[in-house]
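Undergrad: predicted coordinates and the sequence they were generated for:
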Amino acid sequence: MSRVRLLFSEAWASIRQNISTTFAATMTVLIGMFLLGLFIALGTWVVSWSHHVKSELLVKDYFAQDATPRQEQVTMLKIRSDPRVKTVVFVSKAKALKQMQHRLPGVVGALPSNPLPDTAVVTPKKGEYSQALYRDLNRTKPSWVDHASWGGTTAKRVLTVAKVISLVFLIAVILLVAASTLLIANTIRLSIFSRRREIEVMKLVGATNWFVRGPFMLEGLVCGLVGSLSAVVLLAIGKTVALPSILPHLHDTSGVHALPFALNALALLAAGLLLGAAGSGLTLHRFLKV
């Protein structure tokens, strides 16, 4: 217990005596964790949006006008047995005409009869399965099936954009974490460099590496905790103030969600503590070689 008290007292004394560098390290953690938290929230929302868009990619199998209900049922069962298929919904020609009338009332009113076919609307388990399902349905279609469609160019663009978004998000998070680590380590290095004589004296009188490293790592933990907590508070304020004015302008995003704020906050606290302690411990290593 005496060693623990000594560790905390040394760390507290170091913080009071070097308030400027401690403040700089804390502000560095705050800025880094705030940007990281903001990017995690925005990035996970965009990734969720890309998955939401991919989930709306459909493949449609159009039946011929002379197809019988029995033939349509057999085709639906065959499509449903495909392991890549999530759901298959039958849309009759009458229902399709009503849907078209809702979208284009002027056009439907001028039609002499219903030209739309019965349709099997296929939702794949993954958006990436859309093109393969479309090819297989066209290749193996029976005589009572006219053709299949899947959106072609639009679907390919959606899948490409989704891949790019995921890759950019991953790279940006890695770069931001690396930049935050370097900034924190450099800031703490200034504090340690100003006390290198003190460290050398402690080593010369027989102090172990961990005894010397302890107060500095504890100081780094304090800086990381205070900085990340401040970042969480700022993000909470931003979430409360900014989101209500942004969400009304976003349409058709009911299934799109960012990472829950509680998990984001826990990740930031853990990252702040880890970066603070690691920055202190790794930076101190060169000064322990006396």
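TA: Looks like it came in fine. Numbering: from 1, shown residues only.
Undergrad: contacts only, for the residue nearest the centre of the chain.
TA: In the chain, the residue lying closest to the centroid (C-alpha atoms, centre = their mean) is residue 44, at 2.4 Å. Going by C-beta atoms under 8 Å, 6 or more residues apart in numbering, residue 44 touches 169, 258-259. For the C-beta atoms, the positions are set from N, CA and C on the backbone; glycine is no exception.
Undergrad: ok, of the residues you listed, which one's closest to residue 224?
TA: Checking the contacts of residue 44 against residue 224 with C-beta to C-beta, the nearest one is residue 259 at 20.6 Å.
Undergrad: gap between the nearest residue to the closest one once chain neighbours are set aside and residue 170?
TA: Leaving aside its sequence neighbours, residue 259 sits nearest to residue 44 (C-beta to C-beta, 6 or more residues apart in numbering; 4.2 Å). Using C-beta to C-beta, to the nearest Å, residue 44 is found at 11 Å from residue 170.
Undergrad: what residues sit buried inside stretch 196-205?
TA: By 16 or more other C-beta atoms under 10 Å, the buried positions in stretch 196-205 come out as 199, 202-203.
Undergrad: quick one: the strands in the stretch 101-250 of the chain, in order.
TA: Assigned by DSSP state E, counting those that start in this stretch, the stretch 101-250 of the chain shows strands spanning 119-124, 145-149.
Undergrad: please name every helix or strand in contact with the last one.
TA: In this structure, strand 145-149 packs against strand 59-63, helix 130-139, with contacts taken as 3 or more C-beta pairs under 8 Å, 6 or more residues apart in numbering; DSSP states H and E.
Undergrad: can you say which of those is packed in most?
TA: When these are scored by mean count of other C-beta atoms under 10 Å, the highest mean neighbour count falls to strand 59-63 (a mean of 23).
Undergrad: which elements pack onto the helix or strand following it?
TA: As assigned by DSSP states H and E, the chain's next helix or strand after strand 59-63 is helix 69-80. Helix 69-80 sits against strand 59-63, strand 85-91, strand 119-124, with contacts defined as 3+ C-beta pairs under 8 Å, 6+ apart.
Undergrad: what about helix 69-80, distance to the chain center?
TA: Here helix 69-80 shows a centroid-to-chain-centroid distance of 39 Å under the convention C-alpha atoms, centre = their mean, to the nearest Å.
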